[in-house]
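# how would this look folded up:
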Amino acid sequence: MNNMGTLLLLSLLSLCGTAVRAEEGASTDGKFPEFCGDRECPKFHLVQQYDSFELRAYEGTQWVTTELDDGFLGFGMVTSFRRLFNYISGKNSQGIKIEMTVPVLMQYPSKDTGRNATMSFFLSPSLVNPPQPLDPAVHLENSPPLSVYVLSFGGYALDYDYKKKAKALAEKLGNQGLSFDDSVRTTAGYNDPFTLLNRHNEVWYKAK
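Here you go, the predicted structure:
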């Protein structure tokens with residue numbers, strides 16, 4: 001995604017509204033991870049900390065998802081974000097507004113698997129029965145518990161940065177003989193555009 005598309009996406013992120021803090025933490029010691037800021041994020045258990053990456057075990061999670069299209073000048077990505085934002089803004093079967101959470105997750109097939117790239121918003125476990133989307137391009141999905149290798153980095157990240165970090169993580173995992181699923185590259189973004197310091201970005205690979 002080029003700079004223009006990124007700026008448009010960041011502009012949409014700034015409209016996310018007031019967030020809520022999770023009642024329980026998402027890390028090994030029960031504290032809310034600092035990188036989640038004021039927003040609720042998925043719970044995980046830190047399995048192992050390596051030199052420059054970590055292995056996390058996530059609880060089962062629920063997401064609202066749409067197909068991710070980069071499109072011309074990155075406008076496709078903005079369209080994908082808008083679909084999901086409309087859902088949490090009330091364009092759903094119950095007409096309710098849902099607090100924005102983190103991360104914004106994007107999954108890219110790294111091989112010719114026939115699977116499309118997707119963008120997802122995490123849905124709080126407090127939504128026991130999330131409302132159904134009204135937009136046919138948006139759907140709900142449940143992710144079972146899974147373990148992922150995570151490499152974190154700071155700054156304003158563009159697609160080039162995520163790809164570079166994903167490649168670095170894959171090389172580190174390979175060098176250490178760790179088994180992982182390289183068919184999908186996952187990126188996770190945690191900050192709105194007005195967060196200037198201590199920005200947090202991640203790339204994930206599912207552990208085998």
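
# So which residues make contact with the longest strand along the chain?
Criterion DSSP state E: the longest strand present in the chain is strand 180-189. Residues outside strand 180-189 that contact it (CB atoms under 8 Å, 6 or more residues apart in numbering): 102-111, 113, 115, 148-149, 157, 162-163, 166, 170, 173, 201-208. From N, CA and C alone the C-beta is placed, and that goes for glycine too.

# what's the longest helix in this structure?
For the chain, the helix reaching the highest residue count under DSSP state H is reported as helix 159-175.

# quick one, phi psi at Val150?
In terms of degrees, to the nearest 10, the main-chain angles of Val150 are phi -130, psi 130.

# can you tell me the helix or strand for the closest residue to Gly95 other than its chain neighbours?
Nearest residue to Gly95 in three dimensions, chain neighbours excluded: Pro131, at 7.8 Å (CB to CB, 6 or more residues apart in numbering). Pro131 belongs to no helix or strand when assigned by DSSP states H and E.

# And for Pro131, the neighbour number?
Pro131: 19 surrounding residues under other CB atoms under 10 Å.

# For Asn92, see how far away it is.
4 Å (CB to CB, to the nearest Å).

# what about the strands in the protein?
Using DSSP E, strands in the chain cover 44-49, 54-58, 61-67, 104-109, 118-123, 138-143, 146-153, 180-189, 201-207.
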